[in-house]
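Undergrad: Predicted structure and sequence below. I'll ask about it afterward.
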Amino acid sequence: MSLPDSEWTTAINDIRDQVEELCSCLRQAPLEDRLQAVATLNNTFAGLNDRALREAVIAARAEGWALRRIAAAVDCSHEQVRLLTT
């Protein structure tokens, strides 16, 4: 999905570029350090993403968006959206 140009899409692209650079640098790290760093990175972003998604879904529901409309916007099933709001 293509996002319109905005301050936040620029910020997302900057973060993506920084993470790609970090992953590139980690290729040179000892394997144990690399594995721990990648696991930490994954856990951190998963937690942040889950919280932000839940907040956005709740906000959309509060504005009257239907479950299927939200599901289409976040590329998941309406049942997954329902679970996020319970």
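TA: On my side now, so go ahead. Everything quoted here is computed from the prediction, not taken from an experiment.
Undergrad: going forward, measure contacts between C-alpha atoms and count neighbours the same way
TA: Noted.
Undergrad: Rounded mean pLDDT for stretch 36-55, please.
TA: The average of the pLDDT scores along stretch 36-55 is 95.
Undergrad: Quick check: buried residues in it?
TA: A37 (16 or more other C-alpha atoms under 10 Å).
Undergrad: ok now it, how far from the chain's centre?
TA: Offset of stretch 36-55 from its chain centre (C-alpha atoms, centre = their mean, to the nearest Å): 7 Å.
Undergrad: which other residues reach that stretch?
TA: For stretch 36-55, contacts defined as C-alpha atoms under 8 Å, 6 or more residues apart in numbering pick out C23, L26, L84, T85.
Undergrad: CA-only coordinates of that stretch in PDB, if you can.
TA: Extracted in PDB, the C-alpha atoms of stretch 36-55 (Å, rounded to 0.1, in the frame of the first residue of the first chain):
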ATOM      1  CA  GLN A  36      20.300 -11.000  20.900                       C
ATOM      2  CA  ALA A  37      20.200  -7.600  19.200                       C
ATOM      3  CA  VAL A  38      17.800  -8.800  16.500                       C
ATOM      4  CA  ALA A  39      15.500 -10.400  19.100                       C
ATOM      5  CA  THR A  40      15.500  -7.300  21.200                       C
ATOM      6  CA  LEU A  41      14.800  -5.200  18.100                       C
ATOM      7  CA  ASN A  42      11.900  -7.500  17.100                       C
ATOM      8  CA  ASN A  43      10.400  -7.500  20.600                       C
ATOM      9  CA  THR A  44      10.600  -3.800  20.900                       C
ATOM     10  CA  PHE A  45       9.000  -3.000  17.600                       C
ATOM     11  CA  ALA A  46       6.400  -5.700  18.100                       C
ATOM     12  CA  GLY A  47       5.300  -4.200  21.400                       C
ATOM     13  CA  LEU A  48       5.300  -0.600  20.000                       C
ATOM     14  CA  ASN A  49       3.400  -1.700  16.900                       C
ATOM     15  CA  ASP A  50       0.800  -3.700  18.900                       C
ATOM     16  CA  ARG A  51       0.100  -0.700  21.100                       C
ATOM     17  CA  ALA A  52      -0.100   1.800  18.300                       C
ATOM     18  CA  LEU A  53      -2.300  -0.400  16.200                       C
ATOM     19  CA  ARG A  54      -4.700  -1.000  19.200                       C
ATOM     20  CA  GLU A  55      -4.900   2.700  19.900                       C
END
